[in-house]
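**Student:** Need a 3D model of the sequence below.
(one chain, ligands or ions: 1)
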Amino acid sequence: MAKILDGLKVSKEIKKEIGVEVEKIVAGKHRPPHLVAILVGKNGASMTYVKNKIKDCEEVGFKSTMIDFPSTVSEAELLETIDELNKSKDVDGFIVQLPLPKQIDQEKIIMAIDPRKDVDGFHPENFGKMALEMATFLPATPFGIITLLERYHIDTKGKHCVVIGRSRIVGKPMSILMGRKDFPGNSTVTLTHSYTPHIEDFTKKADIIITALGDPNFLKADMIKEGAIIIDVGITRVEDDSEKGYRLIGDVDFESCKEKAGWITPVPGGVGPMTRAMLMKNTLLAYKTSVYND
Ligand code: GUN
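**Tutor:** Below is the predicted model of the structure:
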């Protein structure tokens, strides 16, 4: 029977630690950190994510601002706002919630963000620094997973880690971080994706599996080895007759895998809350390293 990697519990601890730091900052007569979130359009999941990010800011004592654009916003308008936020002495970090509508070039938007305020860690300068093991903002989800492994003292050195999915937000950075010369890290990493034949040939041999696929209940017990560490990044919305109208289903068939795994993250309550906490951590880091703070 697997033990639970309780992301909800750890995320609360981290937010509490951040809250204590903010109290000290404010007690010293300094302004609190300020995060801005840009939301374009009315994508249901994106709206929920941004709302939660604002809620987290309130919880830890940050100032927060949400900037709402219609889905018809032009690239030029968005770039203008980014330029203003880059220059603002009152803003420590900001994020542009993805995905963006088709008329907007996502790469151009990410490239326009000042790397010092890029608390998502998506700018190529920050991604490059991460890959070279230099101090920088780590993307929130991989940062959350690394922190969860760290707080549970999970031994990753010399282990075989299989990452499923190669997205810029999760899979790709995750594969780099697990292979880095640090703890957690020092794993032998296999990055699998949609062109990997017979994924189970890899997952069956893995000591650690990190799945970021968006395919509900994809990973079954017969695809993992006894005692494996299973990290589920999937959060697919599946309609049901609850008040919300949906529930979140992970990539991992939790019920069967929990009998065989050594450690496992639940959905919800695993990686999701850790991602949220790490955005707060990155914002605090941006504040502390800002050239505008006295
Ligand atoms: N869309 C899904 N995850 C993320 C994230 O971590 N940051 C941003 N900006 N957009 C996202």
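
**Student:** how far does stretch 58-75 stretch from start to finish?
**Tutor:** The first and last residues of stretch 58-75 sit 30 Å apart, counting by CA to CA, to the nearest Å.

**Student:** just checking, Tyr287 touches His30?
**Tutor:** No - assessed by CB atoms under 8 Å, Tyr287 is found out of contact with His30, at 9.1 Å. Every residue, glycine included, has its C-beta placed from N, CA and C.

**Student:** For these two, indicate the residue with more neighbours.
**Tutor:** More neighbours surround Tyr287 than the other of Tyr287 and His30, with 23 against 13 (other CB atoms under 10 Å).

**Student:** Name the nearest residue to that one, sequence neighbours excluded.
**Tutor:** Leaving aside its chain neighbours, Tyr287 sits nearest to Pro33 (3.7 Å; criterion: CB to CB, 6 or more residues apart in numbering).

**Student:** Break down the stretch 151-294 of the chain into its helices, ranges please.
**Tutor:** For the stretch 151-294 of the chain, the helices defined by DSSP state H, counting those that start in this stretch occupy 171-179, 199-203, 254-260, 271-289.

**Student:** before we move on, what about the stretch 1-150 of the chain?
**Tutor:** Using DSSP H, counting those that start in this stretch, helices in the stretch 1-150 of the chain cover 7-27, 44-60, 75-87, 106-112, 124-131, 140-151.

**Student:** now Trp263: how far from Gln103?
**Tutor:** Going from Trp263 to Gln103 by CB to CB, to the nearest Å gives 44 Å.

**Student:** typo on my end, it should be Lys129
**Tutor:** On the measure of CB to CB, Lys129 and Gln103 end up 31 Å apart.

**Student:** follow-up on the earlier one: who has more neighbours, Trp263 and Gln103?
**Tutor:** Trp263 (19 against 10).

**Student:** If that one is in a bridge, with which residues?
**Tutor:** Lys3, Ile229 (DSSP bridges).

**Student:** next one: Phe94
**Tutor:** With DSSP bridges as the rule, Phe94 is bridged to Val36, Asp118.

**Student:** Just to check, it is in contact with Lys117?
**Tutor:** Yes - under the criterion of CB under 8 Å, Phe94 makes contact with Lys117 at 5.7 Å.

**Student:** who touches both of these two?
**Tutor:** Taking CB atoms under 8 Å, 6 or more residues apart in numbering as the criterion, Phe94 and Lys117 both touch Leu85.

**Student:** Now this protein against the ligand: closest residue?
**Tutor:** Leu98 (3.7 Å; CB to the nearest ligand atom).

**Student:** On the pLDDT front, check Asp294 for me.
**Tutor:** Among the per-residue scores, Asp294 shows a pLDDT of 59.

**Student:** got it, and Asn126?
**Tutor:** On the pLDDT scale, Asn126 gets 98.

**Student:** which of the helices of the stretch 1-150 of the chain sits most buried?
**Tutor:** Across these, the average number of neighbours (mean count of other CB atoms under 10 Å) peaks for helix 140-151, which reaches a mean of 24.

**Student:** ok, now which ones touch Ser187?
**Tutor:** Thr156, Lys157, Gly158, Lys159, His160, Cys161, Met178, Gly179, Asp207, Ile208 are the contacts of Ser187 under CB under 8 Å, 6+ apart.

**Student:** Now for those residues: which two are most distant?
**Tutor:** Gly179 and Asp207 (13.7 Å; CB to CB).

**Student:** which bits of the stretch 101-250 of the chain sit near the ligand?
**Tutor:** Neighbours of the ligand within the stretch 101-250 of the chain, by CB under 6 Å from any ligand atom: Asp120, Ala140, Ile169.

**Student:** What separation do you get for Cys161 and Gly250?
**Tutor:** Relative to Gly250, Cys161 is positioned 18 Å away (CB to CB).

**Student:** Right, I'll leave it there.
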